[in-house]
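In: I would like to see how this sequence folds:
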Amino acid sequence: MSRRPPARRRTGRRRTRKASGGEQLVLIGGGLLLVWLIVVGVLRFLANNPVVPVLLVLVVGGAVAVRVVQHRKTAQWERVRSQGLRYALSQLDGLHHREFEHAVRDLMRRDGCGDAVQVGGAGDNGADVKATDPYGRRWVIQCKHRKAGLAGSAVGTPDLQVLNGTGRPVHKGDVVVLVTNGKFSKPAVEFARSQRLHLVDRAVLGEWASGSRPIWELLRAVPPPRRPTSLS
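Out: Numbers count the residues shown, from 1 in each chain. Below you'll find the model as predicted:
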């Protein structure tokens with residue numbers, strides 16, 4: 001009969017594992033001891049120097065107070081700026097088309113639409129600005145900027161067709177508007193009238209941007225308020 005070879009002893013591995021486990025315990029214990037010594041040292045220092053905690057509290061409290069005051073001043077200035085916002089047509093002509101969208105958004109905010117947001121860009125589905133007015137009506141606005149102002153090309157029916165296809169079905173707008181610092185073609189005006197779209201041309205934009213009245217007071221046949229407010 002053949003004999004099996006004797007099993008190999010694995011004492012070396014076990015000893016290595018035991019040694020590594022012991023080293024970890026030593027390291028953990030040493031780390032805890034170091035933390036304890038630091039905490040004790042800090043507490044002793046503070047006990048021997050009672051003025052330091054007071055100074056720390058004053059410094060932190062002062063920094064927080066300064067931050068709060070700055071935040072309030074910024075919010076207050078933003079309210080003043082938005083309420084007194086005015087644009088001349090020459091200013092609007094000089095804007096980049098994206099800046100023009102931001103200007104329209106800010107005008108809506110000035111008129112009380114606190115949730116007005118600029119959404120223009122890739123995949124905007126024909127909307128550049130969305131807002132809810134104080135009467136609960138949802139506004140969907142497309143912006144067409146012309147560098148040459150009134151001398152630029154007229155906004156035509158194709159742009160209105162895109163807006164008409166998405167303004168109510170996609171964006172759920174109550175008031176669907178196209179704003180330009182230029183002009184509209186005659187077919188575009190007729191198409192807008194037939195589809196209950198609202199047009200803000202250069203003349204209306206100039207009156208609106210000057211701060212005379214909110215946009216819903218400058219347009220005809222705006223839908224009635226969705227809810228009564230203190231303004232109604």
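In: care to break the chain down by domain?
Out: Residue ranges for the domains of the chain, per automatic domain parsing: 13-81, 87-217.
In: pick the most buried one from the ones you listed.
Out: A comparison of the domains of the chain by mean neighbour count, using mean count of other C-beta atoms under 10 Å, puts domain 87-217 on top with a mean of 18. Where C-beta positions appear, they are placed from N, C-alpha and C, glycine not excepted.
In: could you find the closest non-adjacent residue to Ser185?
Out: Ala154 (4.2 Å; C-beta to C-beta, 6 or more residues apart in numbering).
In: I'd like the domains of the chain as TSV, with distance to Arg226 appended.
Out: What follows is the domains of the chain, written out as TSV (distance: least, C-beta to C-beta, whole Å):
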stretch	distance to Arg226
domain 13-81	25
domain 87-217	3
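In: what's Gly126 in contact with, if anything?
Out: Residues counted as contacts of Gly126 (C-beta atoms under 8 Å, 6 or more residues apart in numbering) are Gln142, Val162, Leu163, Gly165, Thr166, Gly167, Val170, His171.
In: mind doing that once more with 6 Å?
Out: Gln142, Val162, Leu163, Thr166 (C-beta atoms under 6 Å, 6 or more residues apart in numbering).
In: surely the first one is in contact with Leu163?
Out: Put plainly, it is Gln142. Yes: using C-beta atoms under 6 Å, Gln142 is in contact with Leu163, at 4.7 Å.
In: roughly how far apart are the nearest residue to Gly206 once chain neighbours are set aside and His198?
Out: Using C-beta to C-beta, 6+ apart and skipping the chain neighbours, the partner closest in space to Gly206 is Leu89 (4.9 Å). Leu89 sits 19 Å away from His198, going by C-beta to C-beta, to the nearest Å.
In: can you name the residues bridging to the most centrally placed residue in the chain?
Out: Closest to where the C-alpha atoms of the chain average out (C-alpha atoms, centre = their mean) is Val117, at 7.6 Å. Listed by DSSP bridges, the beta-bridge partners for Val117 are Lys130.
In: is Cys143 in a helix, a strand, or coil?
Out: Assigned by DSSP: H, G, I helix; E, B strand; the rest coil, the conformation of Cys143 is strand.
In: residue contacts, it?
Out: Cys143 neighbours (C-beta under 6 Å, 6+ apart): Phe100, Glu101, Val104, Asp128, Val179.
In: give me the subset of the residues you listed lying in helices.
Out: Among the contacts of Cys143, the members falling in helices (DSSP state H) are Phe100, Glu101, Val104.
In: so the second one sits against Gln118, correct?
Out: Yes: Glu101 is in contact with Gln118 according to C-beta under 6 Å; the separation is 5.0 Å.
In: one step back: quick check: the residue nearest to Gly206 touching Leu205?
Out: No: between Leu89 and Leu205 there is no contact under C-beta under 6 Å: 7.2 Å.
In: make TSV out of the contacts of Gly126 and add pLDDT and secondary structure.
Out: Below are the contacts of Gly126 laid out as TSV (pLDDT from 0 to 100; DSSP: H, G, I helix; E, B strand; the rest coil):
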residue	pLDDT	secondary structure
Gln142	97	strand
Val162	94	helix
Leu163	95	helix
Thr166	95	helix
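In: where in this protein is pLDDT low?
Out: Residue ranges of the chain with pLDDT under 70: 1-21, 69-83, 122-123, 227-232.
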